[in-house]
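Engineer: when you get a sec, could you give me coordinates for this:
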Amino acid sequence: MVSYPNGDRHCVMAQGQVISACLQQATVNGLLHADCCYAINDVNRQAETTYGRIALCKCFQEILKDSRFTKLIGMPEKCVIPNAVPFDPKIDCDRYIGLSYFFFFF
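Structural biologist: Here you go, the predicted structure:
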């Protein structure tokens, strides 16, 4: 449904949604704040196609290069969101998402 090309307003909206939920109150008593995991799950649900998932991966790679946002690295895994787009600045989004999406459906 929604795609997240780099620089696209949807990318900026997804970044804002996750940043506000995850960096404002990322943890409560050492546990992830539910709003953070909900926001990450929500942006993942909106990226329904392989292209959308690759674009979302690249979208978050842009902000993960900024030291203010490195706390987001690995958050989808910490939230235990199945088949989530990884927040990892070093991953090859085209290759990883394409392969993981292929194996998920076959």
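Engineer: now for the host helix or strand of His10, which elements pack on it?
Structural biologist: Taking DSSP states H and E as the definition, His10 sits inside helix 9-24. Packing contacts for helix 9-24, counted by 3 or more C-beta pairs under 8 Å, 6 or more residues apart in numbering; DSSP states H and E, involve helix 34-46, helix 50-64. C-beta coordinates here come from the backbone N, C-alpha and C atoms, glycine included.
Engineer: so what's the gap between stretch 53-63 and the chain middle?
Structural biologist: Mean-position distance between stretch 53-63 and its chain equals 7 Å (C-alpha atoms, centre = their mean, to the nearest Å).
Engineer: tell me which residues in it are buried?
Structural biologist: Within stretch 53-63, the residues scored as buried using 16 or more other C-beta atoms under 10 Å are Arg53, Ile54, Ala55, Leu56, Cys57, Lys58, Cys59, Phe60, Gln61, Ile63.
Engineer: confirm for me that the fourth one is in contact with Ile40.
Structural biologist: The reference is to Leu56. No - counting by C-beta atoms under 8 Å, Leu56 does not reach Ile40; the two are 10.4 Å apart.
Engineer: on that earlier part again, and the helix holding His10 with helix 50-64, angle?
Structural biologist: 50 degrees (axes from the mean of the first three to the mean of the last three C-alpha atoms, to 10 degrees).
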